[in-house]
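**Q** what would the 3D arrangement of this be:
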Amino acid sequence: MGIWDVKPDSERSEWVFEPHVGVGPLRFGMAADEVSGALSSKAPLSRRVQRAAGAYQLVEEQYTKLGVTAYYGAGQTLACVAVNALRGPQVRLAGEPLVARVPSEAEEWLLVHTKAHGLDLICTHAGDPGSVDLGLILRAQRAGDIVLSRPLFLIGEWVENGWDCIPGEEWSTF
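**A** Sure thing, here's the model as predicted:
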């Protein structure tokens, strides 16, 4: 697989997002060893780094082969999962695919979904749409000459304080 190749949905794992509960086999509040155990059959841990994000100290774990990054906050528990648009699992909410979509289509779906369910809609400092009620931010990621959706699944506090909680390396991923 080349640097800009996008894995087709037919080759991606299928995950479901449960707002404020978890995504796929991962549950918010899990310890790093529990996350590793849940993902080890799919991909080994590639890299573990301690980072500062604003006033927060956190741990970042990358599962490169799977296309997933896990972020741990206070108490070293899972607080955010980023899914790589090029090779990550396809994650669905209410049956709708959220990964590797044209950002304008994903944003339009989010607008309709939040309005239909009476949920909030926010815009991050980086211009990404999201919802505290869902624990979701729809970011964008470059795939060669195109851009695709790269969702972040988070606990509510992290959506509200994204600039402080999420490390700069994640915000600069494009």
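**Q** quick one: average pLDDT of stretch 91-110?
**A** Summarised as a single mean, pLDDT over stretch 91-110 is 97.
**Q** flag every buried residue along it.
**A** Taking 16 or more other CB atoms under 10 Å as the neighbour-count basis, stretch 91-110 is seen to contain the buried residues 91, 93, 97, 98, 99, 100, 101, 103, 106, 107, 109, 110. In this view, the C-beta of every residue, glycine as well, is placed from N, C-alpha and C.
**Q** measure residue 18 to residue 92 for me?
**A** As judged by CB to CB, to the nearest Å, residue 18 and residue 92 stand 11 Å apart.
**Q** kindly report the same for residue 19.
**A** Residue 19 sits 12 Å away from residue 92, taking CB to CB as the criterion.
**Q** dump the worst-scoring helix or strand of the chain on mean pLDDT to CSV, restricted to CA.
**A** Each helix and strand of the chain was given a mean pLDDT (mean pLDDT, DSSP states H and E); the minimum falls on helix 162-165 at a mean of 76. What follows is helix 162-165 as a C-alpha-only set of coordinates in CSV (Å, rounded to 0.1, in the frame of the first residue of the first chain):
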residue,chain,number,x,y,z
GLY,A,162,-10.4,20.3,22.3
TRP,A,163,-7.7,22.9,21.9
ASP,A,164,-6.4,22.1,25.4
CYS,A,165,-7.0,18.3,25.5
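**Q** elements contacting it?
**A** Counting contacts by 3 or more CB pairs under 8 Å, 6 or more residues apart in numbering; DSSP states H and E, the secondary-structure elements packed against helix 162-165 are strand 56-63.
**Q** what's the angle between the very next helix or strand once past the strand it packs on and strand 56-63?
**A** From strand 56-63 onward toward the C-terminus, using DSSP states H and E, the following helix or strand is strand 68-72. Our comparison of strand 68-72 with strand 56-63, counting by axes from the mean of the first three to the mean of the last three CA atoms, to 10 degrees, yields an angle of 160 degrees.
**Q** name the helices or strands packed onto strand 68-72?
**A** Contacts of strand 68-72 with other secondary structure elements, assessed using 3+ CB pairs under 8 Å, 6+ apart, are made with helix 32-39, strand 56-63, strand 78-83.
**Q** any idea of the mean pLDDT for the second one?
**A** Spelled out, it's strand 56-63. Here strand 56-63 scores 87 as its mean pLDDT.
**Q** buried set for it?
**A** 56, 58, 59, 60, 61, 62, 63.
**Q** kindly report the same for the shortest one.
**A** By neighbour count on 16+ other CB under 10 Å, the buried set for strand 78-83 is 78, 79, 80, 81, 82, 83.
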